[in-house]
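Student: Quick one, what's the 3D model for this:
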Amino acid sequence: MLAMVEQLEAALAQCSNGKPFFAGDSVGFLDLVVGCNLLWFEGLRRLFGVTFLVAGKTPLLANRAERFGATEVARELVPDTDRAVEFAKKLMASLGSALVAS
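Tutor: Residues are numbered from 1 along each chain as shown. Coordinates of the predicted model:
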């Protein structure tokens, strides 16, 4: 997973041209796609203690996540991380029960 995050960091460096978002100075489609999935990095940290966005290793992505989270569109579209973690716990419990039953 860390290799994927490093590839995303490299793509961000190559495509952003120093702009705050993939689309330039404002949030665009790719920013929404990536940004709306960033909550799962925090969710994985809370669930399993695994950290993927580290300012020392992926500074562009860590800053981008913070900047995206502060936008109005993110506040409107991105689910609350606490709710996402609770959903993941229920899903894992359900899948665990299904595996035990089979």
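Student: Contacts only, for the residue minimising distance to the centre of the chain.
Tutor: Computing the C-alpha centroid of the chain and ranking residues by C-alpha atoms, centre = their mean puts Leu38 first, at 1.0 Å. Shown in contact with Leu38 (C-beta atoms under 8 Å, 6 or more residues apart in numbering): Leu53, Ala65, Phe68, Gly69, Val78. For every residue, glycine as well, the C-beta is placed using N, CA and C.
Student: just Ala84 next, same as before
Tutor: Ala84 touches Leu39, Trp40, Gly43, counting by C-beta under 8 Å, 6+ apart.
Student: now swap in Leu30 and tell me
Tutor: By C-beta under 8 Å, 6+ apart, Leu30 lies in contact with Phe22, Ala23.
Student: Let's test this: mean pLDDT of the helix or strand hosting it, rounded?
Tutor: In the assignment (DSSP states H and E), Leu30 maps to helix 29-37. Averaging pLDDT along helix 29-37 yields 88.
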